Each structure stands twice: as C-alpha cells, then as structure tokens.
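*Asks:* Next come a sequence and a model predicted from it.
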Amino acid sequence: QVQLVESGGGLVQAGGSLRLSCAASGRTWSMGWFRQAPGKEREFVAAITWSGGSTDYLNSVKGRFTISRDNAKNTMYLQMNNLEPEDTAVYFCAARYYTGITYSPRDYAYWGQGTQVTVSS
C-alpha cells in the first residue's frame, strides 16, 4: 500500500506558472496526473513511466505542462506554465504497480487527496 500526498496548488493569474509535487510513501511504477473540474469527469493530464523514459500528455496541455519524477525521493512533479482559466480544477496524482502509460483512472490503484489549482483571467 502506497500513500500519495500532493502539494503546490494555488491561485495564479492566466499566463502564470505552478509546480505540483506528489510525494509517495514508497516505490511505485507508472504514475500520472489527473484533474477534475466542478461538474466534470476526472480527466487524464499526464503520465510517466518509472524510468521517466516515456511520458504522454493531454493534447490541450502539450507544450505547457511537463511531468517528471525523482525516484530517489519517490516524488513526481508537474510543471505547469502559461496556465489558462480552463486549467482550473482539482489535480490528483495517481500511481500503479505496472509499467507503461495508461490513460484511464480505473488503471491506477493509488490516489492522492488532490490539490486545487485556480487560474484567474
């Protein structure tokens, strides 16, 4: 059983940046970031394999967001630049004990509590 704790959310103006962190209590394999806006389903944002050699992103965040991880610290990051009001949501990190990139929330067994990101126009 692994526990995940997100941090780094907040309020930022459009065009600004935030860096989210997700600290895991132990080793994990593939990890991902999801987000959920009010009244909407949870959606995939980005994912990364254990080695960091493979990543993938939601089309609307490509070129603006960067996912990375530091396995020595059991921590994953999401650098978010040029934020837009449409990025406003609760952001969740997730982990699984399988390799490879996957996009469905159902494929991830472990979840953090979420961190709020609000982008004002």
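*Replies:* Arrived safely, thanks for sending. Residues are numbered from 1 along each chain as shown.
*Asks:* Which pLDDT does the model give residue 98?
*Replies:* Predicted confidence (pLDDT) for residue 98: 89.
*Asks:* whoops, residue 31 was the one
*Replies:* Value listed for residue 31 in the pLDDT field: 97.
*Asks:* Please name the bridge partners of it.
*Replies:* Legend: beta-bridge partners of residue 31 under DSSP bridges are residue 48, residue 95.
*Asks:* Could you tell me how far it is located from residue 15?
*Replies:* Computed with CB to CB, to the nearest Å, the distance linking residue 31 and residue 15 is 27 Å. To be clear about C-beta, it is placed using only N, CA and C from the backbone, and glycine gets the same treatment.
*Asks:* More neighbours: those two, which one.
*Replies:* residue 31 (23 against 11; other CB atoms under 10 Å).
*Asks:* show me what contacts that one?
*Replies:* Counting by CB atoms under 8 Å, 6 or more residues apart in numbering, residue 31 touches 22, 24, 47, 48, 69, 76, 93, 94, 95, 96.
*Asks:* again, only using 7 Å
*Replies:* The neighbourhood of residue 31, defined by CB atoms under 7 Å, 6 or more residues apart in numbering, consists of 47, 48, 69, 76, 93, 94, 95.
*Asks:* How many residues are close by residue 117?
*Replies:* 22.
*Asks:* Now do the nearest residue to it once chain neighbours are set aside against residue 21, distance only.
*Replies:* Spatially, and ignoring its direct neighbours in sequence, residue 117 is nearest to residue 9 (4.8 Å; CB to CB, 6 or more residues apart in numbering). With distances taken as CB to CB, residue 9 is found 10 Å from residue 21.
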